[in-house]
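Asker: requesting a structural model of the entry that follows:
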Amino acid sequence: MSERLVYLPELPCDKSVPIGCIGSGFIMADCHLVAYRAAGFNPIAIASANPANARAVAERHAIPGVFDTYQKMLDRSEAEVIDVAVPPDLQLGVVREIVRRPRVRGILAQKPLGMNLTEGAEIVRLCKDAGITLAVNQNMRYDQSIRACRSLLDRGDLGDPVLATIDMRAIPHWMPWQERLGWVTLRIMSIHHLDTFRYLFGDPVRVFASVRPDPRTAQKFAHEDGICLYILEYANGLRAMGCDDVWAGPAREGAAEDIGIRWRIEGTTGMARGTIGWPSYPERVPSTLDYTTIAEATWHQPRWDEVWFPDAFVGPMAELLCALEQDRESTLSGTDNLKTMALVDACYLSAKEHRAIEPASLLPVDL
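Answerer: Numbering: from 1, shown residues only. Okay, here's the model as predicted:
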């Protein structure tokens, strides 16, 4: 059944475009570069705040150019596309340097796009003024089950969506920079799910969010957005609901664990449900999709071998390269991503003020 659904990204005709990589941490070394090599893309240079680590990653992935600073890489390499994988509080400064190099045609930026909506809008403006195509690495859009579900929606199998849910019970490995920023879930994990709702259904009218600290992480650093619940209201009546639980019970303290991510969509003519295999990483566990329609009282269960981490990371870079090749704006454009950033910021504001927020009211007026 899987061949009937579109679950893989479009690839560019020209895979030789030279890519420069800024950052050599886990997401670059174990996801981006693994996926790029498998797809036949052309990373030619790398630099990071830890030059020794950059050299080790370059050797591992056969990258010929290694530079002590990313500024030297931008000046001396032939990279035309820059893959930026740095903490969000450093991203704006890095983009300011990149746009000064006329050779650069495209940027793939990590999510979140800066520290907040204001910084995200400045990154978009900088790239627009420089004539650089910007794409944001919202890679859950390329999880195989999510992409296949979008295919179901596009061809009308499910009818009009009525209710959609994402339920995450997982204990992520937190990144060191999160402690200095005081972030746990909304801008790190929930941003995937909020963007996925946008990818599947478009923009909600309003959102209501409620958060509380994660008891385990609270022992390490102060934060507010540990366990996050949110409801998205759409103009057509659709309701989408997320539960992002990074506590997941006392599984690290001795209790048995129940870890996983499950999603479900109920439509007027069909239903779809799925799982996301990511919590089992580094074990390769593909995400799953089951669906049924009123035309057939049975569950179809297409399956595939690809997994979100790292295989789906081909998608965002492929989309950027296709956008450059086809002389169009990326479907992952910074302008589009500001709507995801606004939705995240609306969740923070909603939780703080205990009321529903319209994300559109937070967007820059010139968007």
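Asker: tell me where the stretch 151-300 of the chain has strands.
Answerer: Ranges of strands within the stretch 151-300 of the chain are 161-169, 206-212, 227-233, 239-245, 260-267, 270-276, 288-293, 296-300, based on DSSP state E, counting those that start in this stretch.
Asker: chain center to stretch 183-193: distance?
Answerer: On the basis of Cα atoms, centre = their mean, to the nearest Å, stretch 183-193 sits 10 Å off its chain's mean C-alpha point.
Asker: could you do stretch 115-128 as well?
Answerer: Centroid displacement of stretch 115-128 relative to its chain, using Cα atoms, centre = their mean, is 17 Å.
Asker: before we move on, what about stretch 58-68?
Answerer: Its chain's C-alpha centre lies 25 Å from the corresponding centre of stretch 58-68 when counted by Cα atoms, centre = their mean.
Asker: tell me which residues of that stretch are tucked away?
Answerer: For stretch 58-68, the neighbour count (16 or more other Cβ atoms under 10 Å) marks 58, 61, 63, 65, 66, 67 as buried. Backbone N, C-alpha and C define where each C-beta goes, glycine included.
Asker: kindly report the same for stretch 73-82.
Answerer: By 16+ other Cβ under 10 Å, the buried positions in stretch 73-82 come out as 73, 74, 77, 79, 80, 81, 82.
Asker: just curious, which of the buried residues of stretch 58-68 is nearest to residue 318?
Answerer: Nearest to residue 318, judged by Cβ to Cβ, of the buried residues of stretch 58-68 is residue 61 at 17.5 Å.
Asker: that closest one touches residue 33, doesn't it?
Answerer: Yes - the criterion here is Cβ atoms under 8 Å, and residue 61 meets it with residue 33 at 4.4 Å.
Asker: domain map for this structure?
Answerer: As assigned by automatic domain parsing, the chain contains the domains 9-139+314-330, 140-308+341-353.
Asker: got those domains as TSV, with distance to residue 363 and mean pLDDT columns?
Answerer: Output for the domains of the chain, formatted as TSV (distance: least, Cβ to Cβ, whole Å; pLDDT from 0 to 100):
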stretch	distance to residue 363	mean pLDDT
domain 9-139+314-330	8	97
domain 140-308+341-353	5	97
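Asker: and the helices in this protein?
Answerer: With DSSP state H, the ranges of helices along the chain come out as 26, 33-39, 51-60, 70-76, 88-98, 117-130, 144-154, 176-181, 191-201, 215-218, 314-326, 334-353.
Asker: now render those helices as a markdown table, adding distance to residue 297.
Answerer: Below are the helices of the chain laid out as a markdown table (distance: least, Cβ to Cβ, whole Å):
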| stretch | distance to residue 297 |
| --- | --- |
| helix 26 | 45 |
| helix 33-39 | 39 |
| helix 51-60 | 50 |
| helix 70-76 | 57 |
| helix 88-98 | 47 |
| helix 117-130 | 46 |
| helix 144-154 | 17 |
| helix 176-181 | 46 |
| helix 191-201 | 24 |
| helix 215-218 | 44 |
| helix 314-326 | 34 |
| helix 334-353 | 36 |
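Asker: residue 207 is nearest to which of those?
Answerer: Distance to residue 207, taken as Cβ to Cβ, is lowest for helix 334-353 among the helices of the chain, at 5.1 Å.
Asker: can you give me how far that closest one is from the chain middle?
Answerer: In terms of Cα atoms, centre = their mean, the centre of helix 334-353 is set 14 Å apart from its chain centre.
Asker: repeat that for stretch 108-120.
Answerer: Counting by Cα atoms, centre = their mean, stretch 108-120 is centred 12 Å from the centre of its parent chain.
Asker: flag every buried residue along it.
Answerer: So for stretch 108-120, counting by 16+ other Cβ under 10 Å, buried means 108, 109, 110, 111, 112, 113, 114, 115, 116, 117, 119, 120.
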